[in-house]
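Asker: I'll drop the sequence and a predicted model, then ask my questions.
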Amino acid sequence: MNEKITVRGIHLSLTPALTQIIHEKAERLLRHNSHIIRIRFDLEFSDTKAPEQRFTAKAQVEIDGPDLIASATSEDGYKSVDLLVDKLDKLLRERHAKRVHARNEERNQAPDVLHGKH
């Protein structure tokens, strides 16, 4: 198991199988970006909510720059984790695309700025 990934259960006991699945899915996120410092997963159970909202998975990805925070809710813990990892995957891809685009824009505009053209 990767030491960059922490998993916590709130109002439920995490089974070894659920913990293992969260670690496996989080490994996919770590492949995207080597600059990820840590990923914290919280899986919360609430029996006071509607049945389709009983499990809430939350995560915080500590990375260079602003942290990424997301959550997903469903009737099943495994499904909540799947939805959450998909959201984080999308956020990481969007963040990477923005950074690459900004870097390329700087590179394209640099010669004009150096020569006094605007």
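Answerer: Received the coordinates, thanks. Numbers count the residues shown, from 1 in each chain.
Asker: for the residue nearest the centre of the chain, helix, strand, or coil?
Answerer: Taking C-alpha atoms, centre = their mean, the centroid of the chain lies closest to L88, which sits 3.2 Å from it. Judged by DSSP: H, G, I helix; E, B strand; the rest coil, the three-state class of L88 is helix.
Asker: Let me see the contact set for it.
Answerer: 29, 59, 61, 68, 70 (C-beta atoms under 8 Å, 6 or more residues apart in numbering). All C-beta spots, glycine's among them, are computed from the backbone N, C-alpha and C.
Asker: where does this protein have low pLDDT?
Answerer: By pLDDT under 70, the weakly predicted segments of the chain are 101-104, 106-118.
Asker: mind listing the strands for it?
Answerer: Taking DSSP state E as the criterion, the chain contains strands spanning 5-10, 36-45, 55-63, 68-74.
Asker: most neighbours per residue, which of these?
Answerer: Highest mean neighbour count of the strands of the chain: strand 55-63, a mean of 20 (counted as mean count of other C-beta atoms under 10 Å).
Asker: That one pairs with which strands, parallel or anti?
Answerer: Taking DSSP bridges as the criterion, strand 55-63 sits next to strand 36-45 (antiparallel), strand 68-74 (antiparallel) in its sheet.
Asker: Let me know whether Y78 touches I21 as I believe.
Answerer: Yes: contact criterion C-beta atoms under 8 Å: Y78 and I21 qualify, at 6.7 Å.
Asker: could the strands of the chain be laid out in TSV, adding distance to R99?
Answerer: Converted to TSV, the strands of the chain look like this (distance: least, C-beta to C-beta, whole Å):
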stretch	distance to R99
strand 5-10	23
strand 36-45	14
strand 55-63	11
strand 68-74	13
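Asker: what's stretch 73-87 in contact with?
Answerer: Residues contacting stretch 73-87 (C-beta under 8 Å, 6+ apart): 12, 18, 21-22, 25-26, 28-29, 41, 43, 45, 51-59, 70-72.
Asker: switch the cut-off to 6 Å
Answerer: 22, 25, 43, 51-57, 59, 70, 72 (C-beta atoms under 6 Å, 6 or more residues apart in numbering).
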